[in-house]
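**Student:** just need the structure, nothing else, for what follows:
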Amino acid sequence: MIIFAALTSDNSTMRKTLFVFWGLCHVVSLALCARDWDEELYRQIEQSIEAPQFIDEVYVITRHGAKTTYPAAKNQKAIQQVIDYCSKQGGGKVVIPAGKHFLTGALTLKSHVNLVVEEGAVLEFAFEPDLYPIVPTCWEGLQCYNLQPCIYAYNATDIAITGKGFIDGGGTKETWWPWCGSAKYGWKEGMVSQRNGGRARLLMAGEDGIPMTDEQGKRSAERMFTKQDGMRPQLVNFNQCQRVLIEDVTLLRSPFWVIHPLMSTDITIRRVKMINEGPNGDGCDPESCDRVLIEDCYFNTGDDCIAIKSGRNRDGRTRGMPSQNIIVRRCEMRNGHGGVVIGSEISGGCRNIFAHDCQMDSPHLDRVLRIKTNSCRGGIIENINMRDIRVGQCREAVVKINLNYEPHEVCCRGFLPVVRNVNVTNVKCGRSNYGVMIVGLEEDTCVYDINVQQCRFNHVAKGNILQGKTHDIRLDEVFINEQPAVLPSHDEGL
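**Tutor:** Residues are numbered from 1 along each chain as shown. Just a heads-up that it's a prediction; the model follows:
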């Protein structure tokens, strides 16, 4: 942004006045260009995130009945009993001992318990659907009763998964993954699949506003799903929890999303490796969460690396819980549909997101910053900040804002989302198809105040794209293929 005045005078006082005026305008200009990063708000969020507290009691599972030679069901019972006992005694560490491999079924963390998977230990979840009881959770932004996630918590406080061991969800083309209904992941005619009606039934229950329970507290049949519906469980799902820590572990082969904090607060995810090539294999999906820190993590996923969510369509709008006050820093993203993603299940809105000092690089990483939503969703997405990102290459666009995601989704439309105050600063990318790609709506101007500044995108094949109604889309000191970037006219190049 440049502010200037053209005026001539031989009067030295006038010249001094103009000099001062120019200086003030320059300061104002710099302030406007720096509006993308509210350091005070960033520090407030950083300092507000509460860590869980634990006492020093230690419970090693092999001293309480678990054995490497036991089948999954027997270990599941033994480990769960240790977790329950630890919580009842006031908490502590439940330890999966170093160097040992245990097969188990779904586990429920309880308040004040830190599940420690020691270095070299493997906690593997068996593909035995009967070991995954039906629990309240959320699936693709819609509340339901479904197979229990591998590690689950509900209304718990002060919980953690730590240690340098491995948690293996057991997902393969021979186990959970074919349930997605794709031949690419092993599905064959006659097999269980989410496409056999379960997912469609859940979507309809959401559109119709069917509650989770009736007036007598009985679970709604429309929101109830079993193994026959083929809706895969998450690897880690903490539902309505407070003060959560996941640290140092490696998470492998999730059946579905890897980490899914849901309607929870004060979440820290630190030095975690998420490696999952399966379908819908998102790395970390905070949904309707407040005060979240994701730092020093590694993502190599079959879908979005980090996807921030707040509920789908009517469910999300009724819930009305935005995801907010989230910091992502010093992470490495490899494969995935997007590095830092917002949506698409974002009907409750999203605000105050800060991502910085991350590394991304892969021909199979589609986008760096991705915002995806549509007119089924509604919600306000605002104050999204990204800076100091280094990208070797990505496949599609460095920045993509898409308000026409899933245009053929069967849903009630007319709930226009808003995306505003998105600020991207000092992002460098070595190769991509597009630099900035914005797809707005024709019904109304729902994308505005988008600021991209001090960025360099090289080896860009197709430039920038601007489609639909937008206003105040600004490129400042942005270079594409070493040339100053310009915004195309609407629909140019499409």
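**Student:** any stretches of the stretch 251-400 of the chain with poor pLDDT?
**Tutor:** Applying pLDDT under 70 to the stretch 251-400 of the chain picks out no residues at all.
**Student:** in this protein, which spans are helices?
**Tutor:** Ranges of helices within the chain are 12-33, 39-48, 72-88, 198-208, 313-319, based on DSSP state H.
**Student:** weakest of the ones you listed by average pLDDT?
**Tutor:** Among the helices of the chain, helix 12-33 carries the lowest mean pLDDT, at a mean of 37.
**Student:** give the buried residues for stretch 166-177.
**Tutor:** Residues of stretch 166-177 classed as buried by neighbour count (16 or more other C-beta atoms under 10 Å): 166-172, 175-177. The way it works is simple: take the backbone N, C-alpha and C, and place the C-beta from them, glycine included.
**Student:** sorry, that was for stretch 298-306
**Tutor:** Within stretch 298-306, the residues scored as buried using 16+ other C-beta under 10 Å are 298-306.
**Student:** would you mind giving the buried residues of stretch 166-177 as a markdown table with pLDDT and distance to Arg219 added?
**Tutor:** Shown next, in a markdown table, are the buried residues of stretch 166-177 (pLDDT from 0 to 100; distance: C-beta to C-beta, whole Å):
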| residue | pLDDT | distance to Arg219 |
| --- | --- | --- |
| Phe166 | 98 | 35 |
| Ile167 | 98 | 29 |
| Asp168 | 98 | 31 |
| Gly169 | 98 | 26 |
| Gly170 | 98 | 27 |
| Gly171 | 98 | 27 |
| Thr172 | 98 | 31 |
| Thr175 | 98 | 27 |
| Trp176 | 98 | 24 |
| Trp177 | 98 | 28 |
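**Student:** could these be laid out in a markdown table, adding distance to Glu332?
**Tutor:** Formatted as a markdown table, the buried residues of stretch 166-177 follow (distance: C-beta to C-beta, whole Å):
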| residue | distance to Glu332 |
| --- | --- |
| Phe166 | 18 |
| Ile167 | 19 |
| Asp168 | 21 |
| Gly169 | 21 |
| Gly170 | 25 |
| Gly171 | 22 |
| Thr172 | 25 |
| Thr175 | 28 |
| Trp176 | 26 |
| Trp177 | 25 |
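**Student:** neighbours around Glu140, how many?
**Tutor:** Glu140 has 22 neighbouring residues, counting by other C-beta atoms under 10 Å.
**Student:** er, Cys455 I mean
**Tutor:** 25.
**Student:** separation between it and Thr425?
**Tutor:** Distance of Cys455 to Thr425, given as C-beta to C-beta, to the nearest Å: 7 Å.
**Student:** what residue is smack in the middle of this protein?
**Tutor:** Nearest to the mean C-alpha position of the chain, counting by C-alpha atoms, centre = their mean, stands Ala307 at 2.3 Å.
**Student:** in contact with the closest residue to Ile49 other than its chain neighbours, which residues?
**Tutor:** Distance criterion C-beta to C-beta, 6 or more residues apart in numbering; nearest residue to Ile49, sequence neighbours excluded, is Arg291 at 4.7 Å. Each residue near Arg291 by C-beta atoms under 8 Å, 6 or more residues apart in numbering is listed here: 45, 48-50, 265-267, 325-326.
**Student:** swap in 6 Å and give it another go.
**Tutor:** 48-49, 265-266, 325 (C-beta atoms under 6 Å, 6 or more residues apart in numbering).
**Student:** and the strands in the stretch 101-250 of the chain, which stretches?
**Tutor:** Using DSSP state E, counting those that start in this stretch, the strands of the stretch 101-250 of the chain run over 101-104, 107-108, 113-117, 122-125, 134-139, 142-147, 151-154, 157-162, 166-168, 236-239, 242-247, 250-252.
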